[in-house]
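Trainee: would you be able to build a 3D model of this:
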Amino acid sequence: MSTQVSVDGSAGAAPSAREQPVPLRHPDRLFIDGRWVAPTTASTFAIIDPATEELYYRAAEAGAEDMSLAVAAARRAFDSSGWPQLAPAERAQWLHRIADRLRRRAADASQLWTRQVGVLHSMSKGSIERIGASYDYYADLAADFPFEVRHRPNQGPFGAVVREPIGVVGAIVAWNTPMSLAAHKVGPALLAGCTVVLKAPPEAPGEAYVLAEVAEEIGLPAGVLNVLTADREVSELLVRDPRVDKIAFTGSSAAGRRIAAVCGDRMARFTLELGGKSPAIVLDDYDLETAARSLAAAECTLNGQVCSSLTRIIVSRHRHDAFAEALGSFFGAVRIGDPFDPDAQLGPLAMERQRDRVEGFVAKGLAEGARLVTGGGRPEGFERGYYLQPTVFAGVDNGSTIAQEEIFGPVLSVIPADDEEHAIQLANETPYGLNASVFTDDADRALRVARRLRAGTVGHNGYRTDPAMGFGGFKQSGIGREGGRDGLLPYLESKTLILDGLPTGYDPLD
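Mentor: Sure, this is the predicted structure:
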């Protein structure tokens, strides 16, 4: 089954799309202690446009000394600036200002997101415009979140449990959705009263720089937010630094295990939002073509580079072949194109090494006996760019490489099951547990199956997540939650107060 392409080569992009200047003021500098400072090294990161394979811009690379300076600034701001002592409502006003300025910079951030990792511009525009709402959400929590709860202690007239900021936070975000990932770390951290060192991904630092520019524009107190870009070695210095109280990380499970080990050694707090190999169970009462259409469309999101993608599709053995053909038909007809082409449905992978990695998984799938229904190679007519055809495998063994390891590309595996019980078993037989979905016309049945799936989110009849309700995983998909009220708790420490007297301004409990 051949893949349709929108244009040959890079045609189809708006003529002016790649002529716009890089919308950053200081890509050659680092944002430390409220100022843009020159890095201590001359090294830079080359940011490559994945649709053209051409240099987009260069970003400053932080060295060990720069990381130490950023941590020192955050530590000083936490210990001496008075930021943690502000009332939550006062810190909330700063978050509203960030949200307002980010909305004004939405076009810039959208341009950066598309040019850096190839996400469709038609998608990035809408997604970026919603980032400000994440900061507003956390700001609004200041009104009713229980930062202090009175208790009647067994000794003394006054008792309370207060939630105080955890301290200095090292926030490390992945390259696929850096601005959204930063929002769900920086937003709750600042509301809690923490200070932050935000480590941007070397492949896509631009959105973090926009956030730093916003912090400068609104006059956020020096050291409260520091932004720099570093490689893995220097990033580990952030994780190891005893001046950092908590690490908030989004990325691979392998890196997450390393961070957990380092933090555990020094008893630092951490939250980890890691990889996934998420199942979709299509039950026998659900229409195959409707399910196939939905799953094919969902896998186009971020060109398949989503940790919560529903890439393991489990269907009854007697309906397996029909479903695989339907899925191959819908996914194989996806329109590949330049990410600035409004008609494109799938853009390039983010970088050459990522395409090479995905192609390696395709080769493993074939070698281990899976049947290729569609795709599997590079699309014709695209001499430049890290493009890959949307790919569907059928007859996939649940223990095979492509069924167990996160691919992070537009590759779907169809796995046959004997019955509903077997489908649940197959869904749970993975080291991951980030997302899942149940396709059925029976809501009661969907709930029953969902409660048995070991996943942080379970949707019904489609790919569904809601950060306002919280996001995170079971097993090797992470520790802790981001988003929602649960996403604020990891940035707070609970302190029990028992006083031998009633402080001024407090009434006795009845």
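Trainee: SS state for the spatially most central residue of the chain?
Mentor: Nearest to the mean C-alpha position of the chain, by CA atoms, centre = their mean, lies Leu181 at 4.7 Å. On the three-state scheme (DSSP: H, G, I helix; E, B strand; the rest coil), Leu181 is labelled helix.
Trainee: what's it in contact with, if anything?
Mentor: 173-174, 250, 273 (CB atoms under 8 Å, 6 or more residues apart in numbering). To be clear about C-beta, it is placed using only N, CA and C from the backbone, and glycine gets the same treatment.
Trainee: for the nearest residue to Glu429 once chain neighbours are set aside, give me the pLDDT.
Mentor: Excluding the flanking residues, the one nearest Glu429 by CB to CB, 6 or more residues apart in numbering is Asn398, at 5.8 Å. If you check Asn398, the pLDDT there is 98.
Trainee: gap between Asn398 and Asp108?
Mentor: According to CB to CB, to the nearest Å, Asn398 and Asp108 sit 44 Å apart.
Trainee: next: Ser253.
Mentor: 32 Å.
Trainee: now do Phe331
Mentor: Counting by CB to CB, the gap from Phe331 to Asp108 is 33 Å.
Trainee: which one of the two is surrounded by more residues?
Mentor: Legend: neighbour count by other CB atoms under 10 Å for Phe331 and Asp108, higher for Phe331 (28 against 20).
Trainee: who's in contact with that one?
Mentor: So Phe331 contacts 292, 295-296, 299, 374-375, 390-392, 410, 412 (CB under 8 Å, 6+ apart).
Trainee: likewise for Gln404?
Mentor: Gln404 neighbours (CB under 8 Å, 6+ apart): 277, 398, 430-431.
Trainee: what residue ranges in the stretch 1-150 of the chain score low on pLDDT?
Mentor: Counting by pLDDT under 70, the stretch 1-150 of the chain has low-confidence residues at 1-17.
Trainee: show me where it has its helices.
Mentor: 64-80, 88-104, 106-117, 121-129, 131-141 (DSSP state H, counting those that start in this stretch).
Trainee: check the stretch 201-350 of the chain too.
Mentor: Going by DSSP H, counting those that start in this stretch, the stretch 201-350 of the chain shows helices at 206-218, 232-240, 253-266, 288-298, 317-332.
Trainee: what comes up buried for the last one?
Mentor: This points to helix 317-332. 319-321, 323-332 (16 or more other CB atoms under 10 Å).
Trainee: count the neighbours of the closest residue in space to Leu453 that isn't next to it in sequence for me.
Mentor: Of all residues beyond its chain neighbours, the one nearest Leu453 is Ala436 (4.7 Å), with distances taken as CB to CB, 6+ apart. By the measure other CB under 10 Å, the count of residues near Ala436 is 28.
Trainee: show me what contacts Ala436?
Mentor: So Ala436 contacts 278-281, 310, 427, 450, 453, 455, 457-459 (CB under 8 Å, 6+ apart).
Trainee: between those, which is nearest Gly385?
Mentor: Checking these against Gly385 by CB to CB gives Leu310 as the nearest, at 25.8 Å.
Trainee: now the closest one: how far from Asn461?
Mentor: 11 Å.
Trainee: which of the two has more neighbours?
Mentor: The neighbour count for Leu310 versus Asn461, taken as other CB under 10 Å, is higher for Leu310 (25 against 18).
Trainee: how long is stretch 194-212 end to end?
Mentor: End-to-end span of stretch 194-212 (CA to CA, to the nearest Å): 16 Å.
Trainee: let's see which of the contacts of Ala436 end up in strands.
Mentor: 278-281, 310, 457-459 (DSSP state E).
Trainee: mind putting the buried residues of helix 317-332 into a markdown table with distance to Pro467 and pLDDT?
Mentor: Shown next, in a markdown table, are the buried residues of helix 317-332 (distance: CB to CB, whole Å; pLDDT from 0 to 100):
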| residue | distance to Pro467 | pLDDT |
| --- | --- | --- |
| Arg319 | 33 | 98 |
| His320 | 34 | 98 |
| Asp321 | 37 | 98 |
| Phe323 | 30 | 98 |
| Ala324 | 32 | 98 |
| Glu325 | 35 | 98 |
| Ala326 | 31 | 98 |
| Leu327 | 28 | 98 |
| Gly328 | 32 | 98 |
| Ser329 | 32 | 98 |
| Phe330 | 27 | 98 |
| Phe331 | 26 | 98 |
| Gly332 | 31 | 97 |
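Trainee: quick check: the farthest pair among the residues you listed?
Mentor: Spanning the widest gap among those are Arg319 and Gly332, at 19.2 Å by CB to CB.
Trainee: just checking, Pro410 touches Glu299?
Mentor: Yes - counting by CB atoms under 8 Å, Pro410 does reach Glu299; the two are 5.7 Å apart.
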